[in-house]
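J.: pasting the sequence and the predicted model now:
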Amino acid sequence: MTRRGKGKLELDPAVVRKARSLARKAGKPIVTLAKTHTTVSVERAVLRLAGLSGADPEGEPWVNHVVDAVRQDVGLEHGVALPVWHAMASGDYADLTKLAQRAAAGSVIFHAPEGRDATRARSASRKAAAAGLRKIDNNRKTRDRFTKKYGDPPKPWIYLIVATGDIYEDMPQAQAAAREGADIVAVIRSTGQSLLDFVPEGPTREGYAGTYATQENFRLMRSALDDVSAELGRYVRLTNYASGLCMPEIATLAGLERLDMMLNDSMYGILFRDINPIRTFVDQRFSRQIHARAGIIINTGEDNYLTTADGVEAAHTVTVSQLLNEFFGKEAGLTDDQLGLGHAFEINPTVPESFRLELAHALLARELFPNAPLKWMPPTKHMTGDVFGGYLLNGFFNLVGSMTDQDILLVGMLTEAVHTPWLSDRDLALQNVRYVMESTRGLAEDFVPAHDGFIVQRSHQVLGEAIDLLERIVDDQLLNAIADGTFGLMKRPADAGRGLDGVAKHSSSYYNPASELLDEYFADAKGHAR
Amino acid sequence: MTRRGKGKLELDPAVVRKARSLARKAGKPIVTLAKTHTTVSVERAVLRLAGLSGADPEGEPWVNHVVDAVRQDVGLEHGVALPVWHAMASGDYADLTKLAQRAAAGSVIFHAPEGRDATRARSASRKAAAAGLRKIDNNRKTRDRFTKKYGDPPKPWIYLIVATGDIYEDMPQAQAAAREGADIVAVIRSTGQSLLDFVPEGPTREGYAGTYATQENFRLMRSALDDVSAELGRYVRLTNYASGLCMPEIATLAGLERLDMMLNDSMYGILFRDINPIRTFVDQRFSRQIHARAGIIINTGEDNYLTTADGVEAAHTVTVSQLLNEFFGKEAGLTDDQLGLGHAFEINPTVPESFRLELAHALLARELFPNAPLKWMPPTKHMTGDVFGGYLLNGFFNLVGSMTDQDILLVGMLTEAVHTPWLSDRDLALQNVRYVMESTRGLAEDFVPAHDGFIVQRSHQVLGEAIDLLERIVDDQLLNAIADGTFGLMKRPADAGRGLDGVAKHSSSYYNPASELLDEYFADAKGHAR
Amino acid sequence: MSKHLESHIIRPYGDATGDGQVQVSFTLPVAHDKRAEGAALQLAAKMGLEPAMVVHAKQMGPHFTFFVVYGRCSHLVDLDKVVVMEREFPLLAPKEVSAAVKRSLRRPLVVIGACIGTDAHTVGIDAILNIKGWAGEKGLEAYSDLEVHNLGAQVSVPDLVEHAQNLKADAVLVSQVVTQREAHLHNVTQMSAAFREAYPAGTTPVLIVGGPRFDESAAAELGVDRIFVKGTTPGEVASYLAHRLCATPAGPRRPSANKKAKQKTKRAGVR
Amino acid sequence: MSKHLESHIIRPYGDATGDGQVQVSFTLPVAHDKRAEGAALQLAAKMGLEPAMVVHAKQMGPHFTFFVVYGRCSHLVDLDKVVVMEREFPLLAPKEVSAAVKRSLRRPLVVIGACIGTDAHTVGIDAILNIKGWAGEKGLEAYSDLEVHNLGAQVSVPDLVEHAQNLKADAVLVSQVVTQREAHLHNVTQMSAAFREAYPAGTTPVLIVGGPRFDESAAAELGVDRIFVKGTTPGEVASYLAHRLCATPAGPRRPSANKKAKQKTKRAGVR
Ligand code: B12
Ligand code: B12
Ligand SMILES: Cc1ncc(COP(=O)(O)O)c(C=O)c1O
Ligand SMILES: Cc1ncc(COP(=O)(O)O)c(C=O)c1O
């Protein structure tokens, strides 16, 4: 195993340490920013944690009604917890839903409580949030029980995508995928959900090129997979996307419905959805704290950079992003085994020695993050309508996965350039993976990059370029680097992009019971660690 | 490069030496047998070398008429040279063809000359044969000139098969294949030609699943390839089959028409065509002397064993056959760089670690025969109608070729289980090879089988089994081993099989000018070597 | 050789002229058994494959089977009946485009581009617009007399129209890559209708859409002026702009395509 | 789920019931250009693919282009119209076969096998005959009351007939794997005719042929009693022999198949 010890790339530990400390330097200011701001979605997440769900007849969620109302009356900067639970204490509302309905009707006026009122509201809200976190903790225990009972599948875990747009079609397809050998099923979202500033409600039957992420859809799919897990005697994991404008809420719902992995990248929303950077980073930290608490493995999105930038030229931006995701993730309480850092097989296959370059990059990630469950993503950009050539390319992608000992393998489709996967595409893809994994099992031990050879030199070069870039980022600040198009060639200034208006700087009296509980939890988690 | 020095498999030189000396022991008696017998085809080859070609109106070649007539009159045991050139001297025949026509008409009676007649016939026949060998020598020079002029393509040489059955369809297809990237074009033969005890004449337009091997077809195809070689500035080699009942004649025609490689296995005819073992070994030695003289690279047929026997269980029979082919080849004057020893990717792909097993076997051949232009053959037996899976499997076959540094790569077809190759099958196959070779170029240097690991141990095991088998063969004689079904599970007793009646033991007065000249040639070739 | 070029009736080619050989694969919603293979052959026959061979059949789950079939296709292809949409404009070098713009407009030609709807696939439109360009050709931003505004991804139709008006766009370039449930057709039809609504008749900017799955000949139905498909290069687009906008500097500029579409849409005849 | 089993009219399935999606690939003898892609679409349309997309086109040499096409196939498959040839005999265990032979023949049943013509593919016939067997089932040589003679490869028809007569064969098993230019059909027809010629009418041994590319239902045309195809196991063949030769020990043994074929062949009516 390459996991521990010297490593095949002869990376200099000092250099690696330097890369990490640069990432810390670059990330620190962002963390401060995140700690001193809140967003509408963070506040809505608090209410969801406290048990508020459902929507009005038009489908606008109650959490949106409440947060908008509070904001109108007292602004966002104090957080919604105190005004809301103060209102609960003042008025006679059976529960939060009643309050929400009345607020929606405009018949509630929120105040920022002071003194003893504030104290009372504070502890009431803390109780409510704690109840939500308990649910999350219990789900984590349940998952642990299942994985203990069934045992975990061998690595790499096979990751398959389902995307009919209709949750009731998704369920049988997901179960079929599991029977065909999927260890992880991801339900990709409808295009555009990431730009909605609310989370749709209930089961949904139509989306474009994906299915809406809703609490009910989460619940339905998780129970469908629990059934098939029992049938197969293998715990099948469920993945969705904590990204877009509702990242914190979706993370919370994932915790409440026992999802197992969430796509959750620190910059994807900024770069690929033009979401405001500050909004993203604030939402990011909260959602990662939730994921940490829920024992959810995050999947980062470095693969996406290589769909817009070149797989060779931009290789080091992947490394930089992985280091940043690692820093932000750990700062938010995620452990190594929750960091599903992403990378991809996206080099133009006509580049000479492209396969060795892929090996160099994949092995670099493997050795930089020996304990992270790396997510290895298949070729997409260079897939064409030549489905035969595409099938071959996916085989060589699988081979890199086997030779460099990746943990999560997203299965590539021969029809990537043609359509969203067909039943038969998926079946062929799984046969491809199975052949490669079985026939090359153990080959990693015979893969020993020549000392100072092509692969070793390339990996050192990429790490070097990553360090140079991190230094530049530290100098002119990460936000500016993003603004200048450092990642994926996208220019995203900090004062532009979607959702900026949903961001507020904490007032001196800001209070968020969820954050408080989460901070305490991780504080003494660290305590124990020491 | 793995070619020289220690080697990745840490093979013990003493063990390797032992394997070779056992092969010599096993082969020696066969060589004696071959040196003391002749066959109708050997004798016909002498006449072809002396310039006799053509056939009667029914298509029966003149060489057959003459040899049959001589045999009738004086038997085969003295060889045909003396009776024939004695007849030429006695009667007034413009040339051999005239003699043949008269012999066919039954109006020639052949005698075995004595004394001065014999001496005269001997030198006349020697002159005639020498003229033929000069043609062959000139062809060799021409080839050398071309390869010097164009330069040889990089290894591995891409080997493609053409098989329309019609030489006039074959020519454009072969040129197309060359333009698509083929370095070697093989025209496979019509089924059943190997069982004909004569070589068909002239250009042919119909064969089953292959095209007849005739002198004219050889000439046409070689000149078609000369044209495309000039066009591409790359010398494209031509391959055919020196096997079956007419092996010596076909070898001779190959030399006379400047073919570059010939399929020529010491046991294929015995095992897969049920040709009598003695007939085969006698024909074998003569044809290999011709190939040696002509600078033709032979391709042996170990791949075939694995189509009837299991790729894992029978792996060592491949090694044994390679060692025997090497011994017989060198004894007949072939140099290392003329020994295109065969092996194949025929392990059941569902066998765990099958890919590593293939690597072990391929690397063993590579390191046992560091200077032989090994011929690496694609999967056939385990190819199915799943053309996608087949395309993938061919990719992994190509990868073994790249990682173990093979010299001649026979390109596999995704439709192997379906039909003889289509134009598009060949084009897809070449794209497959190109991707694998380009993208993994140099990967061999990163392939270092773990010390005492799976691959090393497997290769040692196979070599060990090969030695055990060779010992058994040495004990109970090669001919008996063949009779007992040691190779390809086929039982072939020495006193059965086709063509036995065409074999004769030399009489004390046996004379064969071609053999004499060839023996002298190699004798002083060895002389120079010393 | 030449016969290949002359004969106008052709058939698929396996390894001999006229053999008509083709390969087909598909899934049928049945478990794998003899009947299933018969069903596969029945379908092949209906597609014109006779004789046909099922060379591979693999059951997937309890209710589906994947088939690979090879066979001789009886259908003929008549090359004379093939209708191809030839490029209706000359290919110009960047300099020539700029010259044409200068000559006819005497001001920069204003181009805006975007991915509309929920589509976030910007690589295609960027390939056309960004300086970096595509397939070795620089993008429109590199053209001296073109003023390019790239609005990026997931732009709503109202925003697009507003920008077009504020920037006085001469041409609007829209990309659509996601085609599930015909998303690209819905979005484009909606977009072109919105422009006709927002602009006085005949003054709408030139509407150009592109994407890998469009049918080049569907411009009229979609109410746009031109459709570009897979493999488009920036130079082609620039040349089209010059052809479309700089040929007749004075003359009115209402694309016949819009007329047609107008009649279709509710708002037909609005003045 | 159950609907899958009930509905008798089905369509190809891509990722939704009824979407009719299929994949096709073929080569056309034309250079690659717009017209060629149009030609590919024309062929797809004739095969019933509409809409169809050319997703890949690669020119091969100056005169050929390879295409990959995806599209919606309009054809329906009617499962009720599928004719499957069901096994007409019960599968017996080796013991049962031997018992049947003992009972009805009171002597070993003599079987000879060979690859005829120039075909040298013996793996198939060996799979059926050799003790080693196939797919976990032992071959006929392992059956106590079967006397098996495997003549191997490239046996000429006259030789085969001669052996059959000398060995008093009850059944003759012939394998044909090479199918180029219909070699397998020619050889088998020739073989069955030779047997009818050599034997008094109605006394010919049971003629069985097999190979991966035969049509199971073509026995009558080829003048043989039974055809076995891809995936045959020794047990099936042994069971058929018992069924065919041991069912009616006394009764005459002229397969109707031969009758039919007789009328076809020149020598019909010879007595
Ligand atoms: C890169 C990519 C992405 C990137 C996009 C990054 C970015 N900023 O663009 C990322 C990773 C973000 C992504 C995400 C998704 N993607 Co995506 N993606 C691709 C991929 C791999 C390549 C597309 C590409 O860049 N092609 C290269 C460009 C240059 O080609 P092009 O777009 O055809 O453009 C050329 C021509 O069409 C033309 N052209 C295009 N537009 C225009 C416009 C004008 C005006 C003109 C003149 C010409 C023109 O000129 C260009 C140059 O020749 C394809 C698969 C593939 N290999 O094709 C999938 C693919 C397009 N994606 C797909 C899907 C479903 C998605 C998701 C919706 C999945 C999900 N649910 O999460 C998401 C969401 C994105 C969204 N909301 O739209 C599907 C679409 C299926 C379909 N036909 O409906 C595809 C086909 C993959 C698949 N098989 O499932 N994707
Ligand atoms: C092994 C093999 C060989 C071996 C054969 C060794 C041997 N002693 O048999 C060797 C290397 C010698 C060989 C040579 C050639 N081969 Co070859 N060979 C194959 C290969 C790879 C596998 C065939 C096989 O063994 N299948 C496994 C057996 C068990 O399956 P099966 O034969 O179908 O038998 C089963 C059933 O059909 C049935 N069955 C079969 N026969 C019978 C008989 C009876 C009575 C019954 C009841 C049942 C039955 O039961 C069996 C068990 O289920 C195929 C490609 C492929 N993957 O299929 C090519 C293939 C068959 N060969 C082919 C060709 C062209 C040749 C050559 C003619 C090429 C040449 N010109 O040199 C030569 C010459 C041989 C000759 N004169 O016939 C072509 C045939 C094309 C066609 N359809 O016409 C194929 C398809 C490869 C290709 N795509 O080109 N070949
Ligand atoms: C990291 C990451 N987040 C989110 C998404 C999903 O995109 P959206 O947020 O638009 O659903 C992706 C898509 O691949 C992704 O890679
Ligand atoms: C070594 C060898 N000789 C000869 C042949 C050709 O067979 P035949 O002699 O029947 O033409 C082959 C076929 O692959 C072969 O491998």
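T.: Cool, the structure landed. Ligands and ions are numbered 1, 2, ... in the order given.

J.: just confirm yes or no for stretch A:291-298 near ligand 3.
T.: No - against ligand 3, stretch A:291-298 shows no contacts by Cβ under 6 Å from any ligand atom, the least distance being 9.0 Å. Yep, even glycine has a C-beta here, placed from its N, CA and C like the rest.

J.: endpoints of that stretch, how far apart?
T.: Its first and final residues considered, stretch A:291-298 spans 7 Å by Cα to Cα, to the nearest Å.

J.: could you do stretch A:444-453 as well?
T.: Stretch A:444-453 end-to-end distance (Cα to Cα) = 17 Å.

J.: tell me the helix or strand right after whichever strand or helix holds C:V110.
T.: Per DSSP states H and E, C:V110 falls inside strand C:109-115. Of the helices and strands lying after strand C:109-115 in sequence (DSSP H and E), the nearest is helix C:123-129.

J.: what's that next one in contact with?
T.: With contact meaning Cβ atoms under 8 Å, 6 or more residues apart in numbering or on different chains, helix C:123-129 is reached by A:307-308, C:111, C:113-115, C:132-134, C:139-141, C:148, C:150, C:173-175, C:177, C:210-212, C:232, C:234, C:237.

J.: please repeat the previous calculation with a cut-off of 7 Å.
T.: A:308, C:113, C:115, C:133-134, C:139-141, C:148, C:150, C:173, C:175, C:177, C:210-211, C:232, C:234, C:237 (Cβ atoms under 7 Å, 6 or more residues apart in numbering or on different chains).

J.: related to what we said a few turns ago, what is the strand holding C:V110 packed up against?
T.: helix C:123-129, strand C:146-150, helix C:157-166, strand C:171-175 (3 or more Cβ pairs under 7 Å, 6 or more residues apart in numbering or on different chains; DSSP states H and E).

J.: which of the ones you listed is buried the deepest?
T.: strand C:171-175 (a mean of 27; mean count of other Cβ atoms under 10 Å in any protein chain shown).

J.: ok, then the element right after that strand?
T.: Downstream of strand C:171-175 (by DSSP H and E), the next one is helix C:183-198.

J.: what helices and strands are in contact with that next one?
T.: helix C:157-166, strand C:206-210, helix C:219-222, helix C:256-264.

J.: for A:S287, which non-adjacent residue is closest in space?
T.: Spatial nearest neighbour of A:S287, excluding adjacent residues (Cβ to Cβ, 6 or more residues apart in numbering or on different chains): A:A251 at 3.5 Å.

J.: burial of the one you found, as a residue count?
T.: 31 (other Cβ atoms under 10 Å in any protein chain shown).

J.: just how off-centre is the helix or strand harbouring it within its chain?
T.: Secondary structure assigned from DSSP H and E places A:A251 in helix A:247-256. Distance of helix A:247-256 from the chain centroid (Cα atoms, centre = their mean, to the nearest Å) equals 11 Å.

J.: after it, next one along is what?
T.: Taking DSSP H and E, what comes next after helix A:247-256 is strand A:261-263.

J.: check for me that A:E206 belongs to a helix.
T.: No - A:E206 sits outside any helix when classified using DSSP: H, G, I helix; E, B strand; the rest coil, being coil.

J.: from chain D, how far off is A:A450?
T.: In this view, A:A450 and chain D are 36 Å apart by Cβ to the nearest Cβ, to the nearest Å.

J.: without its sequence neighbours, what residue ends up closest to that residue?
T.: B:E445 (4.6 Å).

J.: where does that neighbour land on pLDDT?
T.: With respect to pLDDT, B:E445 has a value of 96.

J.: taking chain C, what residue is nearest to ligand 4?
T.: Residue nearest to ligand 4 within chain C: C:D15 (18.9 Å; Cβ to the nearest ligand atom).

J.: quick check: A:K381 touching A:E346?
T.: Yes - A:K381 is within contact range of A:E346, at 5.5 Å (criterion: Cβ atoms under 7 Å).

J.: list the residues that contact both of those two?
T.: With Cβ under 7 Å, 6+ apart as the test, A:K381 and A:E346 both reach A:T307.

J.: the more surrounded of those two?
T.: A:E346 (28 against 19).

J.: quick one: neighbours of the closest residue to that one other than its chain neighbours, just the number.
T.: Closest residue to A:E346 in three dimensions, ignoring its sequence neighbours and counting by Cβ to Cβ, 6+ apart: A:L306, at 3.7 Å. Residues contacting A:L306 under the criterion other Cβ under 10 Å number 26.

J.: so which bits of the helix or strand where A:L306 lies are buried?
T.: If you go by DSSP H and E, A:L306 is part of helix A:302-308. Buried residues in helix A:302-308, defined by neighbour count with 16 or more other Cβ atoms under 10 Å in any protein chain shown: A:302-308.

J.: with stretch C:177-185 instead?
T.: Buried residues in stretch C:177-185 (16+ other Cβ under 10 Å): C:177-180, C:183-185.

J.: quick check: A:D425 is in a helix.
T.: Yes - under three-state DSSP, A:D425 sits within a helix.

J.: pretty sure it contacts A:E416?
T.: No - A:D425 is beyond contact range of A:E416, at 8.9 Å (criterion: Cβ under 7 Å).

J.: now do the residue in the stretch 1-150 of chain C that ligand 1 sits nearest to against ligand 2, distance only.
T.: Going by Cβ to the nearest ligand atom, ligand 1 is nearest to C:G124 of the stretch 1-150 of chain C, at 2.7 Å. Distance from C:G124 to ligand 2, counting by Cβ to the nearest ligand atom, to the nearest Å: 41 Å.

J.: what about the residue nearest to A:A450, which SS state?
T.: helix.

J.: how many neighbouring residues does it have?
T.: 17.

J.: that one reaches A:H451, doesn't it?
T.: No - counting by Cβ under 7 Å, B:E445 stays clear of A:H451, with 10.0 Å between them.

J.: what's the nearest residue to the residue sitting furthest away from the middle of chain C if we skip its chain neighbours?
T.: Distance to the chain centre peaks in chain C at C:K34, reaching 42.4 Å (criterion: Cα atoms, centre = their mean). Residue nearest to C:K34 in three dimensions, not counting chain neighbours: D:V84, with 4.2 Å by Cβ to Cβ, 6+ apart.

J.: the residue in the stretch 1-150 of chain A positioned nearest to ligand 3: what's it in contact with?
T.: Ligand 3 sits closest to A:S41 of the stretch 1-150 of chain A, with a gap of 13.4 Å, by Cβ to the nearest ligand atom. The neighbours of A:S41, taking Cβ under 7 Å, 6+ apart as the test, are A:245-249, A:283, A:502.
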